[in-house]
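Trainee: Let me see the structure of the following:
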Amino acid sequence: MKSNEPPFPKKSQIIELPTDGPTCSHGPMLKIVDQTSRSFHYACSAFRDKGECEKQDLYQSNTLRNWSSEDILGISQSDRAYCYTCDCLFSLSLSGQKHEVHEYRKNLSDNLLGMPSYLLKPLENSKAHAQYFFSLDTLNRLYSIIQKLSVDYVICIGSPRLHDFIQLQHIHRGQLLDSYLLDMDIRLFLSSTSLLTI
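Mentor: Have a look, this model is predicted:
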């Protein structure tokens with residue numbers, strides 16, 4: 001999907017990060033100054049489109065109660081579900097009626113809950129969310145390269161599938177390599193010891 005919008009600011013624009021500028025839930029906003037007209041506006045530093053930031057804020061405040069993976073592990077596998085319409089984990093017996101006309105997946109295993117990138121659908125707006133859901137072949141190649149570098153820890157930025165793959169190797173196969181995920185996707189339901197959403 002191609003956009004008519006250039007990937008970088010126009011040559012007649014200057015981008016500043018003022019210390020006294022406004023902020024949004026993603027942090028300080030950028031000041032974009034048009035050199036020709038001398039007009040300016042503020043934009044979210046995380047999202048290119050202003051509407052995306054507002055949607056994200058609205059989404060965070062209006063979602064149904066989103067169960068943490070720890071909460072949902074406490075109920076039987078056959079009662080666990082994920083609603084793709086609402087983007088939330090839920091218990092079929094407690095909240096099933098709210099989601100009965102929605103698209104959802106039920107009978108979630110412990111392993112699947114531990115690897116949310118295999119459960120979630122990729123976000124569609126590539127301008128706002130640059131996520132990488134690598135194929136299994138690519139994951140194996142990346143993992144092999146990382147192992148050859150003899151590193152102990154990997155910070156995965158916008159790559160939840162790589163993080164899940166490394167965690168799978170670390171937890172279930174006893175590999176020493178570990179990872180931490182930095183991502184803006186608020187749908188990810190990992191613990192704060194392995195995920196930071198911004």
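Trainee: Could you tell me what pLDDT the model assigned to residue 188?
Mentor: With respect to pLDDT, residue 188 scores 78.
Trainee: how long is stretch 117-132 end to end?
Mentor: 10 Å (Cα to Cα, to the nearest Å).
Trainee: next one: stretch 103-120
Mentor: Stretch 103-120 end-to-end distance (Cα to Cα) = 12 Å.
Trainee: List of residues touching it?
Mentor: Contact with stretch 103-120 is made by 69, 72-73, 77-78, 80-85, 87, 89-90, 92, 133, 160-161, 163-164, 167-168, 171, 185, 187-190, as judged by Cβ atoms under 8 Å, 6 or more residues apart in numbering. Where you see a C-beta, it was placed from the backbone N, CA and C, and this is true even at glycine.
Trainee: Report the buried members of those residues.
Mentor: Buried members of those, counted by 16 or more other Cβ atoms under 10 Å: 69, 72, 80-83, 87, 89-90, 92, 133, 160-161, 163-164, 167-168, 185, 187-190.
Trainee: Could you list which of the residues you listed belong to helices?
Mentor: Among the buried ones among the contacts of stretch 103-120, the residues falling in helices (DSSP state H) are 69, 72, 92, 160, 161, 163, 164, 167, 168.
Trainee: can you count the residues close to the residue nearest to the fourth one when sequence neighbours are not counted?
Mentor: The shortest distance from residue 160 to any residue that is not its chain neighbour, by Cβ to Cβ, 6 or more residues apart in numbering, is 3.9 Å, and that residue is residue 117. Neighbour count for residue 117, taken as other Cβ atoms under 10 Å: 22.
Trainee: which residues of this structure score low on pLDDT?
Mentor: 1-11, 48-51, 54-70, 124-130, 190-198 (pLDDT under 70).
Trainee: Show me the helices in it, by range?
Mentor: With helices called from DSSP H, the chain shows them at 50-62, 69-73, 92-99, 110-113, 136-148, 160-172.
Trainee: any idea which of these is most buried?
Mentor: helix 160-172 (a mean of 20; mean count of other Cβ atoms under 10 Å).
Trainee: Can you list the helices and strands that it packs against?
Mentor: With contacts taken as 3 or more Cβ pairs under 8 Å, 6 or more residues apart in numbering; DSSP states H and E, helix 160-172 sits against helix 136-148, strand 153-157, strand 178-183.
Trainee: Which of these sits closest to residue 35?
Mentor: strand 153-157 (31.8 Å; Cβ to Cβ).
Trainee: follow-up on the earlier one: can I get the helices of the chain in CSV including distance to residue 42?
Mentor: As requested, the helices of the chain are exported to CSV (distance: least, Cβ to Cβ, whole Å):
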stretch, distance to residue 42
helix 50-62, 9
helix 69-73, 36
helix 92-99, 37
helix 110-113, 39
helix 136-148, 37
helix 160-172, 29
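Trainee: Good, wrapping up.
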